[in-house]
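[1] Sequence isn't available, so here's the structure alone:
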């Protein structure tokens, strides 16, 4: 039988895991099921820290309680006995009552996560149940042709951007997905123009999970409309600003809730969320709660990228449930064929979700750097021979065997680092820094973020006499770690320290004009940013980057981390990884335990 005291003393559990387990154990009947209940509760809580919204009993049944240290801990029961004992324990229900844990088939949830998952699935189902809108070809065909003009170079291929726009026009819920460079932002900007041509009074709200991603979408909005054939009225009505999802919902951090919800919905007819792969289950639940019944929701994102650091993977589950590799549904393809001159898309998907989720396939970014595009696609397909060929045949991707020390790997970017320090102005320094980055899979360890930041600063101290780690010095890049509305700095924003007549100041890009500066004393929580994690880089792009893959035995050595890191680059990637790391990453896709796919497809 399970002995909770033995697990508590030896397992790698966070305090919150143990506290939940102890609370339920103290209030359980004094029989043998109390220890199993405590162990199960601790395991559910632990799994949330790994991004799972539930615990799949079958993944752990009959095996020792997991230990990151490799200790042999007591074994968990076989699945039938485990399920029976949990139900008999009194604190696990089917969702009908108020029990703190919910068991659905073989999935054990904390009640909050189960309720959030159920609400998200229900909200999506309600938006899919309505019949799709008929688009009169005499009206919509010329509009679509003007904003999605045929490309003579690809006349024999489906225009997936136009198909995605048609899907979003026909239904109140749509997902537009695809890798970097496939034109998600361009597609949605043209889509918004189509919607505004029909109703210029539409209220449109744009959001992204992080300040960095919001700023990048904002930049695209400023530059792209000039390329489209749209009226001045529509051009003026296109939204010019993007907020974080938290700010859109009116986050109240001290109360741990949002101002916007079912009782006070958003004042919007269309809500669009970029980089939706980073939106976790609870935040997506809050977004749906604040969405007016008649509002249209459009999600943009890449399901092959890293998921949110919090629990759930809503975008990935949606794409999985829709079977995006099968192409559009026949129902969507038939409608698109009446509106487009391009050939019918490949169609084997079925159901309303497959009519609402469209994957963009053509890449417009990597034609001049085909190695990056070829390598990223090979990684996405988990094709090791294709990965090897890409590395052998292309100059824009270079593999480097991992050195023992971070200092031995920074040479490829050193000229770029020096250009930041030698820049003539803050704007020039920020521009140089925006072009290069060291990305690591791990924060700690000999080849982690901390080690690379220290290696760069030690070399700068020797060659230029600049300050060591932890000190401010001219040229030091700063990464903001929290949202601070008072200074208008957000998690993921980067700045550069510069010496001025007023002393050291930290300069940040400003969409309104020249960089703005702040006193170091006003900075919210921050860290040095010569190197950052791949997670922190999401929503960003760099001309040249050094990508440091985690060791093969690290759980973070995954296909998604490798793919996300590679696709941050526009021109050049130095890949710090050996053959074993690449093979392990391709064989270890991130799989999050959720029940959303089952809820969407049942």
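    Thanks, I have it. Computed from a predicted model, the values in this text were never measured in an experiment.
[2] quick one: buried residues of the longest helix belonging to the chain?
    As assigned by DSSP state H, the longest helix anywhere in the chain is helix 111-129. For helix 111-129, the neighbour count (16 or more other C-beta atoms under 10 Å) marks 112-114, 116-121, 123-124, 127-128 as buried. In short, each C-beta sits where N, CA and C put it, glycine included.
[3] same question for that helix, mean pLDDT?
    Averaged over helix 111-129, pLDDT sits at 95.
[4] try stretch 238-251
    Average pLDDT, stretch 238-251: 90.
[5] Surely residue 103 is in a strand?
    Yes. Note on residue 103: a strand contains this position according to DSSP: H, G, I helix; E, B strand; the rest coil.
[6] How many residues are close by it?
    Neighbour count for residue 103, taken as other C-beta atoms under 10 Å: 22.
[7] nearest spatial neighbour of it, skipping sequence neighbours?
    Among residues not flanking residue 103 along the chain, residue 92 sits closest, at 5.1 Å (C-beta to C-beta, 6 or more residues apart in numbering).
[8] The one you found contacts residue 83, correct?
    No. Under the criterion of C-beta atoms under 8 Å, residue 92 is not in contact with residue 83, lying 9.1 Å apart.
[9] circling back to that earlier point, by contact count, what packs against the longest helix of the chain?
    Helices and strands touching helix 111-129, by 3 or more C-beta pairs under 8 Å, 6 or more residues apart in numbering; DSSP states H and E, are strand 101-104, strand 173-177, helix 281-290, helix 596-601.
[10] my read: residue 426 touches residue 508, true?
    No. At 9.1 Å, residue 426 does not count as touching residue 508 under the criterion of C-beta under 8 Å.
[11] what residues are shared contacts of those two?
    Counting by C-beta atoms under 8 Å, 6 or more residues apart in numbering, the contacts common to residue 426 and residue 508 are 515, 517.
[12] Report pLDDT for residue 559.
    In this model, residue 559 is scored at 95, pLDDT.
[13] ditto for residue 279
    With respect to pLDDT, residue 279 has a value of 95.
[14] Am I right that it is in contact with residue 316?
    No. Using C-beta under 8 Å, residue 279 is not in contact with residue 316, being 10.9 Å away.
[15] OK, contacts around the nearest residue to residue 301 once chain neighbours are set aside?
    The shortest distance from residue 301 to any non-neighbouring residue, by C-beta to C-beta, 6+ apart, is to residue 276 (3.7 Å). Residues counted as contacts of residue 276 (C-beta under 8 Å, 6+ apart) are 175, 209, 299, 300, 301, 314, 315.
[16] Where does confidence bottom out across the residues you listed?
    Note: of the contacts of residue 276, the lowest pLDDT belongs to residue 209, at 90.
[17] what about that one, how many neighbours?
    With other C-beta under 10 Å as criterion, residue 209 counts 25.
[18] what sits against the closest residue to it other than its chain neighbours?
    In space, and not counting its chain neighbours, residue 209 is closest to residue 278: 4.1 Å by C-beta to C-beta, 6+ apart. Going by C-beta under 8 Å, 6+ apart, residue 278 touches 209, 210, 213, 301, 306, 307, 308, 538, 539.
[19] What is the nearest of those to residue 570?
    residue 539 (14.2 Å; C-beta to C-beta).
[20] can you confirm the closest one is in a helix?
    No. Using three-state DSSP, the assignment for residue 539 is coil, not a helix.
[21] pLDDT value on the residue nearest to residue 301, please?
    For residue 276, the model assigns a pLDDT of 95.
[22] Give me the distance between it and residue 112.
    Separation of residue 276 from residue 112 (C-beta to C-beta, to the nearest Å): 21 Å.
[23] and what of residue 3?
    Distance, residue 3 to residue 112, using C-beta to C-beta: 28 Å.
[24] any chance you could map the helices in the stretch 351-500 of the chain?
    Per DSSP state H, counting those that start in this stretch, the stretch 351-500 of the chain carries helices over the ranges 370-380, 384-393, 414-421, 426-433, 449-464.
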